[in-house]
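Student: here are the coordinates; sequence isn't available:
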């Protein structure tokens, strides 16, 4: 068989770039696992839920996390009940899942016969946000991995709907939606892309099978309807008017990791893929080009339906989203882009062009990504260790806001009592139902203010984790009515600000000393849980100047 040397050269270059990129990306996962440190509040929440005493107790508390049951069922035997797993072991599990995602990109490239993953490895493997939250002790990484497997498996059904392929695709699809609720949106897009190819081929058997696979996966979520209804009773705390401009801003933040120029690379390739893909699809093709057309149609429909459907889902959800909401859609989009560009045109030049892009992107992002992944997830464990020696048994550790008490509960084993603002009696999970109950109470933080007063009057110390809001001189703290429905809706932020102000006013009026302490940690901490530590001491009856 006579194969031109120049064709071999371009293929070898692509493989070399893909292999080097994968090795470097794997190194970034290891860096994160070594530098991430302790678990932050969302991770502790998931760990606590996975390791409750019984499976029925886990099921009854699913509404206090963001995922279906599969991730917790997998985490449970790994962490053991009661928990004996270390933070390092949990970080290791996350690294393994992250590297398996890279492996799934290679598997998909093989399944679609597109050569090697170039664009997807560059975009996924060197985005610190994807690494940080995909490797965290949360369901995002496993859900992303399972969705990639479902993507490849359903394509195999389109090619030839054998019983084995249909069974594997149904299993992958089922597991993917059982790991992440919003995978159902992207699975719907995959099934539509597959159905489009089946209709183009006039192969109704494959259309039936892929739609049946999607239907079975969707039906499998019906048992979660009671969980979703329970969440609906209190999730107003997170809802806020959301526009597509707001969503784009949050997506921008995720795409711009680790460099802002990455956003423009994403935008350019996405727009070019949509336009060029549509142009190629509108041309008649037969013979050798039919396979490329089918592959292109599948990825093009899947990407455009998935991206628009996911944006619509977030718009309807109306949560103030954070970067981790976009992990799965970024990986999904990167895989689709890889398939689209590999299907637009074959030959030496397109392969070299994709290889050059991947090499350039990896070259400019590797070092910034390495630096960004040196950042810790939290400093709560360091504060807990600090208070272990500083706080006496009659002191009070005050935590604002209450959800920081979830990781503190894991890491603090001292004798001092703790109180949260507002007081929440169950700090295993994000008990937003209890927060709602406090919102309905006339004076929910009165017990906290009483504890603060008694601690200071008895000559003991308050150790504050978080911040309080101080009132300008001559003003009184704000008071909010139970169940208050403000101009932007009944949201938690109104209450949190008021409660923090009321506690801050007590300190202003009666404490003698307020001092911010240094948390002994040289490593940078991500902004979501980089908490200050302050000490409050002394008591005076009459208002005077607070010494800071």
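Tutor: Here it is on my side, so go on. Values in this document were obtained by computation on a predicted structure and should not be read as measured data.
Student: Touching, residue 42 and residue 138? I think so.
Tutor: Yes - under the criterion of C-beta atoms under 8 Å, residue 42 makes contact with residue 138 at 6.2 Å. Where C-beta positions appear, they are placed from N, C-alpha and C, glycine not excepted.
Student: Those two - which one has more neighbours?
Tutor: residue 138 (26 against 23; other C-beta atoms under 10 Å).
Student: Next, the contact list for that one, please.
Tutor: 42, 43, 46, 67, 71, 324 (C-beta atoms under 8 Å, 6 or more residues apart in numbering).
Student: Geometric centre of the chain: which residue is closest?
Tutor: The residue lying closest to the centre of the chain (C-alpha atoms, centre = their mean) is residue 324, at 2.6 Å.
Student: In contact with it, which residues?
Tutor: 129, 133, 136, 138, 140.
Student: Likewise for residue 341?
Tutor: Here residue 341 is in contact with 119, 269, 273, 350, 354 (criterion: C-beta under 8 Å, 6+ apart).
Student: Where does confidence bottom out across these?
Tutor: Least confident by pLDDT among the contacts of residue 341: that is residue 350, with 89.
Student: That residue - how many residues pack around it?
Tutor: Neighbours of residue 350 using other C-beta under 10 Å come to 15.
Student: So which residues make contact with the host helix or strand of it?
Tutor: Assignment of secondary structure by DSSP states H and E places residue 350 within helix 348-372. The contact list for helix 348-372, computed with C-beta under 8 Å, 6+ apart, reads 6-7, 9-11, 13-14, 17-18, 20-21, 24, 28, 31, 115, 118-119, 121-123, 125-128, 131, 257-259, 261-262, 265, 341-342, 344.
Student: Mind giving me the ChimeraX select for the residues you listed, buried ones only?
Tutor: Buried subset of the contacts of helix 348-372, written as a ChimeraX selection, criterion 16 or more other C-beta atoms under 10 Å:
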select :10,11,13,14,17,18,21,24,28,31,115,118,119,121,122,123,125,126,127,128,131,257,258,259,262,265,341,342,344
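Student: any idea how far residue 428 lies from residue 52?
Tutor: For residue 428, the distance to residue 52 (C-beta to C-beta, to the nearest Å) stands at 8 Å.
Student: if we can go back for a sec, which parts of the helix holding residue 350 are buried?
Tutor: Applying 16+ other C-beta under 10 Å to helix 348-372 flags 351-352, 354-355, 357-359, 361-362, 364-366, 369-370, 372 as buried.
Student: and of the contacts of residue 324, the nearest to residue 406?
Tutor: residue 138 (13.6 Å; C-beta to C-beta).
Student: so how far is residue 248 from the closest one?
Tutor: 24 Å.
Student: Same question for residue 349.
Tutor: Per C-beta to C-beta, residue 349 is found 33 Å from residue 248.
Student: And for residue 88?
Tutor: 37 Å.
Student: Over to residue 293?
Tutor: Distance from residue 293 to residue 248, by C-beta to C-beta: 32 Å.
Student: The two: which has the busier surroundings?
Tutor: residue 293 (18 against 12).
Student: Quick check: buried residues in whichever strand or helix holds that one?
Tutor: Element membership for residue 293 (DSSP H and E) is helix 289-317. Neighbour counts over helix 289-317 (16+ other C-beta under 10 Å) mark 289, 292-307, 309-311, 313-314 as buried.
Student: Next, the contact list for the residue lying closest to residue 421 once chain neighbours are set aside, please.
Tutor: Of all residues not flanking residue 421 in the chain, residue 400 sits nearest, at 4.3 Å (C-beta to C-beta, 6 or more residues apart in numbering). Applying C-beta under 8 Å, 6+ apart to residue 400 gives the contacts 420, 421, 464, 465, 466, 467, 468, 499, 500, 503.
Student: residue contacts, the third one?
Tutor: Think residue 464. Residue 464 makes contact with 398, 400, 532, 533, 534, 535, 536, according to C-beta under 8 Å, 6+ apart.
Student: Tabulate these (CSV), appending pLDDT, distance to residue 220 and secondary structure.
Tutor: CSV is the format used below for the contacts of residue 464 (pLDDT from 0 to 100; distance: C-beta to C-beta, whole Å; DSSP: H, G, I helix; E, B strand; the rest coil):
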residue, pLDDT, distance to residue 220, secondary structure
398, 98, 44, strand
400, 96, 40, strand
532, 97, 45, coil
533, 98, 46, strand
534, 98, 49, strand
535, 98, 52, strand
536, 97, 52, strand
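Student: Can you tell me the number of residues neighbouring residue 437?
Tutor: 14.
Student: which element is it on?
Tutor: Here residue 437 is assigned to helix 432-439, by DSSP H and E.
Student: Same question for the helix or strand just after that helix: list its buried residues.
Tutor: Counting by DSSP H and E, the next helix or strand C-terminal to helix 432-439 is helix 446-457. Residues of helix 446-457 classed as buried by neighbour count (16+ other C-beta under 10 Å): 448, 449, 451, 452, 455, 456.
Student: now, which of these sits nearest residue 479?
Tutor: The nearest member of the buried residues of helix 446-457 to residue 479, counting by C-beta to C-beta, is residue 449 at 13.1 Å.
Student: so residue 470 makes contact with residue 508?
Tutor: Yes - counting by C-beta under 8 Å, residue 508 is a contact partner of residue 470 at 5.7 Å.
Student: Quick one: mean pLDDT for stretch 18-30?
Tutor: In the prediction, stretch 18-30 has an average pLDDT of 98.
Student: still on that earlier bit, farthest-separated two in the contacts of residue 138?
Tutor: 71 and 324 (13.7 Å).
Student: Please tell me the pLDDT value assigned to residue 404.
Tutor: Predicted confidence (pLDDT) for residue 404: 98.
Student: And it, how far from residue 13?
Tutor: The value you get for residue 404 to residue 13, if C-beta to C-beta is used, is 50 Å.
Student: which secondary structure element contains residue 514?
Tutor: Using DSSP H and E, residue 514 falls in strand 513-517.
Student: which helices and strands does that strand pack with?
Tutor: Packing contacts for strand 513-517, counted by 3 or more C-beta pairs under 8 Å, 6 or more residues apart in numbering; DSSP states H and E, involve strand 533-537.
Student: Which secondary structure elements does the strand it packs on sit against?
Tutor: helix 380-390, strand 462-466, strand 513-517.
Student: try 10 Å
Tutor: helix 380-390, strand 396-400, helix 446-457, strand 462-466, helix 492-510, strand 513-517 (3 or more C-beta pairs under 10 Å, 6 or more residues apart in numbering; DSSP states H and E).
Student: Return the residues in contact with residue 149.
Tutor: 100, 104, 107, 108, 111, 168, 169, 171, 172, 173, 175, 176 (C-beta atoms under 10 Å, 6 or more residues apart in numbering).
Student: in the helix or strand that contains the third one, what counts as buried?
Tutor: By that I understand residue 107. Using DSSP H and E, the element containing residue 107 is helix 87-111. For helix 87-111, burial by neighbour count (16+ other C-beta under 10 Å) applies to 87, 90-95, 97-102, 104-109, 111.
Student: repeat for stretch 166-182
Tutor: 166, 168-182.
Student: Work out the gap between stretch 151-171 and the centre of the chain.
Tutor: Stretch 151-171 sits 28 Å away from the centroid of its parent chain (C-alpha atoms, centre = their mean, to the nearest Å).
Student: which parts of it are buried?
Tutor: So, applying 16+ other C-beta under 10 Å, buried residues of stretch 151-171: 151-159, 161, 165-166, 168-171.
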